[in-house]
Structures are given as C-alpha cells and as structure tokens.
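Turn this into a model:
(2 chains, ligands or ions: 2)
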Amino acid sequence: MKQSMMINGKEHKIDVDGDMPLLWFLRDRLEFTGTKFGCGSGLCGACTVHVNGQAVRSCVTSVSNLVDKEITTIEGLSEHGDHPLQKAWLNNNVPQCGYCQAGQIMNAASLLAVNASPSEDEIDTAMQGNICRCGTYQRIKKAIVEAADTLSKEV
Amino acid sequence: MSISTLSRRNFLKTAGVATGGLVLSVALPGNALAEKGIMKDANTTLNAFIHLDDNGDTTIYCGRCEMGQGISTALPSAVADEMEADWQRVTVKQADGDEKFGPQATGGSASIRVMFQPMREAGATAKAMLIAAAAKVWKTSAENCYAEKHFVFNKINQQKLGYGELASIAANMPIPEKPILKKKKDFNYIGTDLPRHDQGEVVVGKRVYGVDTKVPGLKYAAIIHCPVLGGSLKSVDKADALNMKGVSNVVVIPRFDIPFGSIGGVAVVADNSWTAQQAVKKLKIEWNLGDNASYDTQAYKKQLVANVEKPATLAAERGNIESAFNAAKHKVSATYTGGHLSHAPMEPNASVVWVQKNSCEVWASTQSPADIQKVLGQYLKREPKDIVVHVAMAGGAFGRKFKCDYVHEAAVISQETGAPIQLIWSREEDMRTGYYHSINAQHIEASMDENGKVTGWLHRAAFPSIGTLFNPSLVRSSAQTLGDITNHLFGIENFRAESGDAKAHTRIGWYRAVYAIFYGFAFSTFADELAHKAKKDSLTFVTQLFDNNKNKDQQEQVQRAKKLLATVAKKSAWHQRAKLPKGQGIGLAVHYSFQSFVAMAVHVEVNGDDIKVLHVDCAIDCGQILNTDGATAQMEGAVVMGMSLALSTEITFREGAVVNSNFHNYPVMRISDMPNVRVHITDSDESPTGLGEPGVAPFAPALSNAVFAASGKRYRDLPFKPMAV
Ligand code: FES
Ligand code: FES
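Numbers count the residues shown, from 1 in each chain, chains lettered A, B, ... in the order given. Ligands and ions are numbered 1, 2, ... in the order given. Here you go, the predicted model:
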C-alpha cells in the first residue's frame, strides 16, 4: 500500500521518489502551482507551506518526511479566500508582482497562529526569511498588524 | 478575431463580431506616435481592444506586459474611465504578442507615456458608439443622451439602456472621427487609488505566472550554461544523467550568437523539474572558456577607475573648462564606482515552448513578446508572426525578461524532443547567466569661485554599455549614451564629458533605472561633496546649481526638480536636522530620468559600520497621475531595490565566471531593513510619464549624503558594504 499525506484536507498518495521535495510534488505532480519556486535552497521563503500548522520551506522538505502529515498550501489556507491575512493583504493592496506573496501569507499565518499580536520586531524576525524583490515589506507589516487586530477581535 | 486593415485616416473600425457583441479595434495613425518620437515607422498602426458582450461583460486587453508594475490595471482603467464602464463589469486580459496591440516591449518606463492617450481614445470611442446606438433606439439625438456606469441615459425621459443591450447595435454605428475625451474633474478611475485587478487571485495562489504554465504532455527541463561569455562546449558525458529514472533526453544547446539568443549550455529533459535539476548536476561537462576566461571584476573595476582618472575620449563640451579650472578658488574631485547587478526577480527565467512541424507556441513571462517572435523565428527559420506568444504574468522582471534567451533554449529543446517543454532556470543559473547592470566608474572634477558657485565640471564615465550586446567590438560608451550626463539639469557653464575605455566581457542589459543608477549617484553625491567644500547647506547649494541653468529648453524641468527637492526637505524636517540625535543624519537627492522626477530625503542612523535607514520621504512628479496607490507602491519598491544596490548587492566575476550563486551571497534587502517610506505625489496636468524606474536613482546618493551627515564617512562605491564572495 502506498503512503500518503493530507493536502488541504484531501488525501494524496505519495507516488513519486521519496527524495522529491514537497514543492515539486505539489507543482509538477499535483499541479498545485500556488506554491512558488524562488531559490530551491531555503533562502527566500517563496515556497512556504504549512506542515501540521507550521511554516515549512517546501523546496527543502522531502515527501518521504511527510507521510501522514497535514499539509496546507495557499490554495487551502481558507475556504473562500477570506483568512484575515488574505483580507488584510487585499485591503492594503500588498502584492506587486505577487510571486512571493503566497509564501509571505503562509509564513505570516503560521506566525499569527502562535503569536496573536506580534510586535514589529517579532514580525521582522518571523518574516526575515521571506524575500520580496518588488519591495512590498512596508505593506506586509501593515497587513500583518491589521490581520492580528481582526483576529483579536474575533476571539 | 480578425481585424481589417486600417487606413491611415481611420481612427477606428468595428471588426468581426462573433457573439453579437461589440469588438472595437481602435487604431491611431502611426504618425501620431512618430510625432511624439515613440515610433519610427509612421505606417504602424496601434490598436487596443475592448470586447463588450451582449450581457454587458466587458473585456479590456492590456497590450503591455505586466510584471508587478501594475500596468494591466492602470491602462485598462483609463479605457474604462473614458468608456464610462463599470470597473466591476470589466475583466482585464493580457494580450498575446501581436503587432496589432502596438508596441508591447515593456521597458524604459514608457507604457503610460506611450499608451495613456491611445487607451483613453479607445474608451471614448466605444462610449460615443454606445451613445449613438442608444440615440438610434430612442430616435433622438446623441446630445440628448449621456453614459454612466455601463448605462446610457436619456436626458429627456430618464430612460436607460445597459451597455450589454446596446452592444450589437453599437457595433454598427459609425466610428467617430475624433472621440471627445473627458475632463480631468470627471474622471472615475484615473487619478484614484483603484486597486489592482488581480490581487484577489494573488492572495489565494491562483494568479498564473509563466512558471506555472501546464499543457498536456508537458516535459520538464533544467539547464546548465557555459559559465563564460563566448565559451563553448568541449565535451559532455551524459551517461549518469540519462541513467536517472524519469530522464528522457540530454540536449546540447549551442550558443546562438544574436543579442537575445542562448549563451550556450546543456539541458536535461525529465518528467518533472526536480528530476531534471538533479540530472543536470550529474552531467560531466568540459567547456572551452574562450576569450573572456580571465574576466575578474575586481581588477576590471580598478582598470575602469584608472581609465577615468586620466584624459579620455571627448563626448561633449560647453564653454571653456580649462580657463574655469585655472581661475578656480576651490577645486574638488572624486571618483565613484559601482558593480554589476543581477535582476534576481523572485520568479527565475521560465517558459513553456512547443515547437511542432507547422506551429510554435510559447507561454512565457516576458517583457517583449515581439523579441521572442523575432529570435525564435530566426532560429526556427519561420516567420515571426507564426510564433504564437502567450504573455504570462511575470513574477518580477526588472529588465531581465526583456531578453528571451531562456525562451529560445526551451524552443531548441522542444524542437529536438518534439514535446512541449517547460524550462525553468535554477536560481543559480539565473544569477550566473544574466544580462548584468554595467560595472562602472566615474570621475568628476569641478571648480568653484569664491562664492561657492560651480564654474566648471569635468565628468568622465567608463562602463561597458548595453550597446555592446549589439556590437561587441565597442570599446567605450558613445557620446549619446553619455547624453544624460551632458544634459543633466545642473547649470554648468564650462563643462566637459569624456568617455573612458570599457570593453564588455559579459552580457550587459537594462536593469531597473539603467544608467540613471550611477549617473544619479555621481551627480547628487558629488553636489553634496561640493556643498560641504563650499561650506553651504546642501539644499541651498543644489538649488543654486539648478538656478544656474540658463538653458531655455530646460527651465520647466529645472523648476519641477527644484520643487520636489524642497518638498522632501520640508517633509523630512531637513531644516531641523541640527536637532537630530547624534549618529543620525538626513541626505537629499533629486534625479530626472525616463522623463519623470523623483526626489528623496533619506534619514539614517549610523552606528560604526552599521547603517540603519529610518525614514524615506519621496516626492514624485510624473505629470498627470493615473493611479496614486500604484505610484506609491512603485516608490516603496524603488527604495527597497535602491537600498539593495546601495548597500549590499554586487555580482562578482572571477576567471570569467560569476561567483555569486543564490540569495546567501547576493544579499537583497529583507523585511527588517525596511524603512518607513512616505510618498508625496505632485499631480499636474502635464502629460503622464512612467514610474517603474525613476525612483531607484535618487536613493543611493541620498543615502550616501545621509551617512556623511550622520558620521562624516563618505561612501563613493556601490555597494557601500559588499559581501566577500
Ligand atoms: S524556494 Fe524554497 S525557500 Fe526559496
Ligand atoms: S511582490 Fe514581487 S516579489 Fe514580492
């Protein structure tokens, strides 16, 4: 029997070489292209997804390590694209080319999951691994603060 | 959709209507563009397309390439505004590569400059025809009707008709000779902060980039390039690569020696990208490295400095610089340098190409579909128009994706294998096989009289120019390339520009802001150095330099530049800078490039070698503003890119090859470096100009000036703090 992992709530058989990084399993095998390739070496954050709720660089995480794990990609972050971060991203018109933004949002979501109201320094530290070459950092910070606000009001 | 040939006098025609809707092909006589100096060929027509379905759904095509600069919102919103369309009913589509869309090559911050007027006219024409259609239905005159938010209203009886209902009638209405454009006060979208049309897709991961293209039967390729320009393959042992499970082919790609052709390399084809990338590493390759194998940027930069610190080839002259220098009270000189830069967009070069016997189809992140058609046409010996290019959203480009070497390579592989090929460059290949921003040196000598007035200015520059791409034998930059030095807005009576020798040993390309990066750096930094020498306040000193400009043709520009400088001085509390805590300082710079003006005041805190940028006040004047939020975003981005190149990014060559490989040794700015950026927009009635590039130029000099103010340390070399690689 083949091993499998859960991706965005659905079971997927791992029918590729176990060394294949999750990024390429998602992009080339399953054709979930929302998760992006930027550096392939864990240096840019473009490929960030959640594994059991935690931000992980999918370009350096082999599928063999993900048996029975729960993966969330940008496509599965919320059912209707209405996660507070997604809303705050729209509200602040954050993306320029947008290529890094799936990784930014997934990374920020995992930050807010453990720290509901991060300080500016905590945001910097958590988001330091996510490069935006277009330079949207100012808006990213603003959007994270705004989403944190929304979340705190929800509780 | 086929478009009938347009006569020169004909502004607009309706074309084949497939579904009973309205398809407008809007054409401007090519000579209107020729007059503006935009197009050389007066016979080329320019088209924009509006498709209106009979249910009211409206599609507006964007002919220019989108790479994050927001053009696919800005231009279509101008169409919608003039058309009185409801933006909620509009879908924006990226146009395929086709000359019917006019010039699509997207660079030089030109899209808005070139396309704003034609796009407005496209919208206005559609509106006029819709109104005419309604007037016909109501049996009244067009004067009795007006359009608003996707409806035409009857002023007499308050009836209304939706655009969808009117579409097919409108399609048969005569085309207005000269559509009437709206007044500025009546704009709905132009000049507002209308959000980007595609953000909703981005935040859920549904925006499709070039790298995301999937077609049935797709095969995946990875590539390694010859590390040295002009080198070639000596031998390749393919066995280990071919033995890998999932690998189907190894394809040798010879150098295609035309400007945007492949530098030469070896590619592996597999059933997924990862396998292809792994297999490339298993190739055993030997290269003939050729003539550039000794290229070493450290030594080369020293040579450039030597070449500008001695007399060089005259490029331009005014007045008599010798007598000015002889009569000088003060003489000041300085030398500035900068390194190669890699664009490093977050999406590496990627495309899908499928070459078949009778067709060739391309899906690519690109800034110039016509160049793809040209290069692939030349390679495949087919007509450019037979190469179908689907322009994909680019995940950043910054000038790199103007060149289509990566698309050409995918075409070679597809032709060889018969399969549709997705070639994605690894980050390492992207960084090592670029079209780099020019390495450069500039030397300036200036004379001042006893009042601190600048009387003479000698400016020598040496850098391998982009011209070397097209003519590799060029020894130095031309007088024309040095034109932005010669025509700088500072008023200098006795002036000389000289061009120092600088042969190219790698491919040089356009990088966001291009030569303005180092011209702006030298001019605004040196002016600050002169002010210091003259014991004057830098703002007053630079203002005077502008005031000294007596050239009638430049007066308007001088005033605009001065005004922006005053704006950022005010916004940054420049006049109260004496009250700043120790270790803090403010630096100013203003630069005119790509027909737009940008000034910056950079506020820093310096602690030993540590430079922290706290605030940036940025003032822009690009004439009439199309989208305030888009303009603001471009400036925020320009600050970040300016900061990367000012502080840390540099491409280093040793033994002919690039040493940098990925973001660990090409350290671009990260979130903790982000200062607080405030953008101050001057809206005017001048015709609009672009903003993609002009914001980059003033940052580095303003930073150098700020650090000097804060610490007394002067940085003259970009980047200030290069990483040892
Ligand atoms: S692609 Fe994974 S961190 Fe850059
Ligand atoms: S938005 Fe382009 S890289 Fe972040």
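
so does the helix or strand bottoming out on mean pLDDT in chain A get close to ligand 2?
When the helices and strands of chain A are scored by mean pLDDT, DSSP states H and E, helix A:137-154 comes last with a mean of 95. No - Helix A:137-154 does not reach ligand 2 (Cβ under 6 Å from any ligand atom); its nearest approach is 8.6 Å. For the C-beta atoms, the positions are set from N, CA and C on the backbone; glycine is no exception.

so what does that helix touch, helix or strand wise?
helix A:84-91, helix A:101-114, helix A:120-127, helix B:628-647 (3 or more Cβ pairs under 8 Å, 6 or more residues apart in numbering or on different chains; DSSP states H and E).

again, only this time at 6 Å
Secondary-structure packing of helix A:137-154 (3 or more Cβ pairs under 6 Å, 6 or more residues apart in numbering or on different chains; DSSP states H and E): helix A:84-91, helix A:101-114.

Most tightly packed of these?
For the helices and strands packed on helix A:137-154, the largest average neighbour count (mean count of other Cβ atoms under 10 Å in any protein chain shown) is found in helix A:101-114, namely a mean of 24.

can you give me the offset of it from its chain's centre?
Helix A:101-114 sits 6 Å away from the centroid of its parent chain (Cα atoms, centre = their mean, to the nearest Å).

Does anything pack onto that helix? Which helices or strands?
strand A:48-51, strand A:54-57, helix A:84-91, helix A:137-154.

try 8 Å this time
Helix A:101-114 sits against strand A:48-51, strand A:54-57, helix A:84-91, helix A:120-127, helix A:137-154, with contacts defined as 3+ Cβ pairs under 8 Å, 6+ apart.

Compute the inter-axis angle for that helix and helix A:137-154.
If you take axes from the mean of the first three to the mean of the last three Cα atoms, to 10 degrees, helix A:101-114 sits at 40 degrees to helix A:137-154.

domains of chain A?
If you go by automatic domain parsing, the domain ranges for chain A are A:3-77, A:84-154.

Output those in TSV; the columns should cover distance to residue B:432.
Formatted as TSV, these follow (distance: least, Cβ to Cβ, whole Å):
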stretch	distance to residue B:432
domain A:3-77	14
domain A:84-154	17
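
related to what we said a few turns ago, ok, which of the helices and strands packed on helix A:137-154 comes nearest ligand 2?
Closest to ligand 2 of the helices and strands packed on helix A:137-154 is helix A:101-114 (Cβ to the nearest ligand atom; 5.7 Å).

Quick one: mean pLDDT over the closest one.
Average pLDDT, helix A:101-114: 98.

Would you map out the domains in chain B?
B:2-203, B:210-290+B:349-424, B:297-341+B:436-718.

so where is the chain shaky, pLDDT-wise?
No chain specified, so I'll use chain A. Applying pLDDT under 70 to chain A picks out residues A:1, A:155.

Wait, chain B was what I had in mind.
For chain B, the ranges with pLDDT under 70 are B:1-48.

OK, now which residue of it is nearest to chain A?
As assessed by Cβ to the nearest Cβ, chain A sits closest to residue B:205 within chain B, at 2.2 Å.

now for the domains of chain A, which one comes closest to residue B:458?
Closest to residue B:458 of the domains of chain A is domain A:84-154 (Cβ to Cβ; 35.7 Å).

still on that earlier bit, can you say which of the helices and strands packed on helix A:101-114 is packed in most?
The stretch of the helices and strands packed on helix A:101-114 with the highest mean neighbour count (mean count of other Cβ under 10 Å) is strand A:48-51, at a mean of 25.

so how far is that one from its chain's centroid?
Worked out by Cα atoms, centre = their mean, strand A:48-51 lies 5 Å from the chain centre.

Stretch B:319-334 too?
37 Å.

Could I get the buried residue list for that stretch?
B:321, B:324-325, B:328, B:332, B:334 (16 or more other Cβ atoms under 10 Å in any protein chain shown).

Return the subset of those lying in helices.
Among the buried residues of stretch B:319-334, the members found in helices (DSSP state H) are B:321, B:324-325.

so where do the helices sit in the stretch 551-700 of chain B?
Along the stretch 551-700 of chain B, the stretches classed as helices by DSSP state H, counting those that start in this stretch are B:555-571, B:628-647, B:699-711.

Might you report the residue contacts of residue B:684?
Residues near residue B:684 by Cβ atoms under 8 Å, 6 or more residues apart in numbering or on different chains: B:621, B:623-624.

List the contacts of residue B:367.
Counting by Cβ under 8 Å, 6+ apart, residue B:367 makes contact with B:65, B:67, B:105-107, B:394, B:397, B:399, B:401-402.

how about residue B:347, secondary structure?
In three-state terms, and counting by DSSP: H, G, I helix; E, B strand; the rest coil, residue B:347 is coil.

Repeat that for the one 5 residues further on.
Three-state call for residue B:352 (three-state DSSP): strand.

thought it was touching residue B:365?
No - at 10.4 Å, residue B:352 does not count as touching residue B:365 under the criterion of Cβ atoms under 8 Å.

Give me the common contacts of these two.
residue B:210.

Would you mind telling me which of those two has more residues around it?
More crowded of residue B:352 and residue B:365, by other Cβ atoms under 10 Å in any protein chain shown: residue B:365, with 31 against 27.

Just list whatever residues bridge to that one.
For residue B:365, the beta-bridge partners under DSSP bridges are residue B:392.

does it really touch residue B:397, like I thought?
Yes - Residue B:365 is in contact with residue B:397 according to Cβ under 8 Å; the separation is 6.9 Å.
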